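Colleague: Sequence and predicted structure, then a few things I'm wondering about:
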Amino acid sequence: MEHPTLRPGDALVLTPGQVELADLRRVHVGTPLALAPAARAGMQASQATVRSIVDAGQVVYGINTGFGKLAQTIIPPERLAELQRNLVLSHSAGTGAPLAPGVVRLVLATKAVSLARGHSGIRPEIVDALLALGNAGLLPRIPSKGSVGASGDLAPLAHLACVLIGEGEVDTPEGAVVGGAEALSRVGMAPFVLGPKEGLALLNGTQVSTALSLAGLFGAENVFCAALVAGALSLEAIQGSIKPFDARIHAARGQPGQIAVAEAVRELLDGSEIVPSHADCGRVQDPYSVRCIPQVMGACLDNLAHAARVLRIEANAASDNPLVFDNGDVISGGNFHAEPVAFAADIIALAVSEIGAMSERRTALMLDSALSGLPPFLVRDGGVNSGFMIAQVTAAALASENKSMAHPASVDSLPTSANQEDHVSMAAFAGRRLAEMVDNSAVVVGIEAMAAAQGIELKRGPRTSAWLEAEFAAIRQRVAFIDQDRFLGTDIETMRRWAASDRWPTPVAAVLPNGR
């Protein structure tokens, strides 16, 4: 079903198995969606397979049995609808703040894509409903806590499924909260009476963990770009050496992220008047936080690229259980186990932590006049003025928090369902903690960029490159030069938003997975 206000050509068409990272970025920000028409045949065929099993009286897990530890219980045909409804209601046991709107949009889209792969035995109309709700801005309220990442994201996805049966809660574009039945009526639909396997198909899957991790990835990409810009500005502020960015050094090692980062920094600095102005200054080596930007940020980039590949695959995956195949086989496996997602989220966390840790060190470097050659704490009339002294303390506090949160979630496991589900991934938490980590690093990088702009202006003479002059101007549009102490909280929040934005110079954005 197409949403009545959606004009032809407006929508991003989702082709199951072929959704790209660029598409998922568009989903995250609210682009209207449509399903590729060819996907309907596969869904109809798998639904027919399920119906034939029920009609023949065969006993197949997930279709006419109980679930988990109760899988040996056979359910009579007249109670199958009750079984599916009870499954959804009983599993709606999540807690915590609702997921952010962008994350919910990703959940709706990736669940639709997964079901539309044709392995779930579910009606196409249910997929239509998921997309129609998202297109209308009617976003199910999904609690952020309660999933262990196997068997899929059961509790949070049950809250999504509740809406389809007329229960649960939905956030409207106007900021109100309505019930599931009301939300469905707004898109011209009535609550579903779920057929055999449909409730289980909605609950099984890794879509919440994947959506949280994708949102974390997109945020990490923005902060990565901000940190490259801030790092280049810091290099100019301390009049650092560009020799460590020589392409030959990085080619000799061969790490692709390192090579790409070094090239991006060279392009950012191309045409700088500051660089040749101190060619004979006698500086031999800068501290590692400047000199090793390609090595550290390049490793972060490689980790983000690997995570992006994993999450792109998972966003297209059939992670339901059991799976229905075109020869009539229905096979119970474990695609709901979100270990790949947990690993991906963990390495994103490592990258985000390191981005912030290195940025904080560059801020500390600039504040240390013995190392930077700049006034202490980047302010004139020091003593009366403290300048960036406590801004750096804030950066240090947040960088340290991120180090704790970067501990891998995937190494933890607690058995559930009476030990039937005896190893789980903890992928939902692995993805959920990324939002706070990204926000922390955005603050840290924003402080660095503000400090670097201050340092450049304290020595203002030769201009930097065109790219960096544009970034310097963008910073100055947001925060003024600090000539004497003032309230910094507003400036820091403003610069956090700068670091969290998705607008970056071409040389920097081009290094991201699939570009921008």
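Modeller: In hand now; what should we look at? If you're wondering where the values come from, they're calculated on a predicted model, not measured in any experiment.

Colleague: Next one: the closest residue to residue 199 other than its chain neighbours from residue 324, what distance?
Modeller: Nearest non-adjacent residue to residue 199, counting by CB to CB, 6 or more residues apart in numbering: residue 84, 3.4 Å away. (Each C-beta comes from the backbone N, C-alpha and C, glycine too.) Counting by CB to CB, to the nearest Å, the gap from residue 84 to residue 324 is 16 Å.

Colleague: Give me the more crowded residue out of the two.
Modeller: Using other CB atoms under 10 Å as the criterion, residue 84 and residue 324 rank with residue 324 on top: 30 against 25.

Colleague: my read: residue 171 touches residue 101, true?
Modeller: Yes. Assessed by CB atoms under 8 Å, residue 171 is found in contact with residue 101 at 7.4 Å.

Colleague: Find residues that contact each of these two.
Modeller: Common contacts of residue 171 and residue 101 (CB atoms under 8 Å, 6 or more residues apart in numbering): residue 139.

Colleague: between these two, which one's more packed in?
Modeller: The neighbour count for residue 171 versus residue 101, taken as other CB under 10 Å, is higher for residue 171 (19 against 16).

Colleague: What count of nearby residues applies to the nearest residue to that one once chain neighbours are set aside?
Modeller: In this structure, residue 171 finds its nearest non-sequential neighbour in residue 139, 4.8 Å apart by CB to CB, 6+ apart. Residues contacting residue 139 under the criterion other CB under 10 Å number 27.

Colleague: returning to that earlier point: ok now do the residue nearest to residue 199, which residues does it touch?
Modeller: Counting by CB under 8 Å, 6+ apart, residue 84 has contacts 194, 195, 196, 197, 198, 199, 200.

Colleague: so how far is the lowest-mean-pLDDT helix or strand in the chain from its chain's centroid?
Modeller: The weakest-scoring helix or strand in the chain, judged by mean pLDDT, DSSP states H and E, is helix 274-277 (a mean of 84). Remark: helix 274-277 is offset 39 Å from the chain centroid, using CA atoms, centre = their mean, to the nearest Å.

Colleague: How about exporting that helix as PDB, limited to the C-alpha atoms?
Modeller: Output of helix 274-277 as PDB, limited to C-alpha atoms (Å, rounded to 0.1, in the frame of the first residue of the first chain):
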ATOM      1  CA  ILE A 274      51.200  29.100   7.500                       C
ATOM      2  CA  VAL A 275      53.100  25.900   6.500                       C
ATOM      3  CA  PRO A 276      55.900  27.600   4.600                       C
ATOM      4  CA  SER A 277      56.000  30.500   7.000                       C
END
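
Colleague: buried residues in stretch 415-429?
Modeller: 416, 421, 424, 425, 426, 427, 428, 429 (16 or more other CB atoms under 10 Å).

Colleague: Nearest to residue 150 among those?
Modeller: Relative to residue 150, the closest of these is residue 424; by CB to CB it sits at 4.2 Å.

Colleague: In three-state terms, how would the closest one be classified?
Modeller: Per DSSP: H, G, I helix; E, B strand; the rest coil, the secondary structure class of residue 424 is coil.

Colleague: Between which two of the buried residues of stretch 415-429 is the distance greatest?
Modeller: In those, two members sit farther apart than any others by CB to CB. They are 421 and 429, at 16.1 Å.

Colleague: what separates residue 485 from residue 397, distance-wise?
Modeller: Residue 485 sits 20 Å away from residue 397, going by CB to CB.

Colleague: Ok, residue 45 next?
Modeller: To residue 397, residue 45 is 56 Å away according to CB to CB.

Colleague: Residue 161 too?
Modeller: Counting by CB to CB, the gap from residue 161 to residue 397 is 41 Å.

Colleague: Among those two, which residue is more densely surrounded?
Modeller: residue 161 (31 against 14).

Colleague: Am I right that the more buried one is in a helix?
Modeller: Yes. Secondary structure of residue 161 (three-state DSSP): part of a helix.

Colleague: show me where pLDDT drops low in this protein?
Modeller: Residue ranges of the chain with pLDDT under 70: 1-9, 68-69, 280-284, 515-516.
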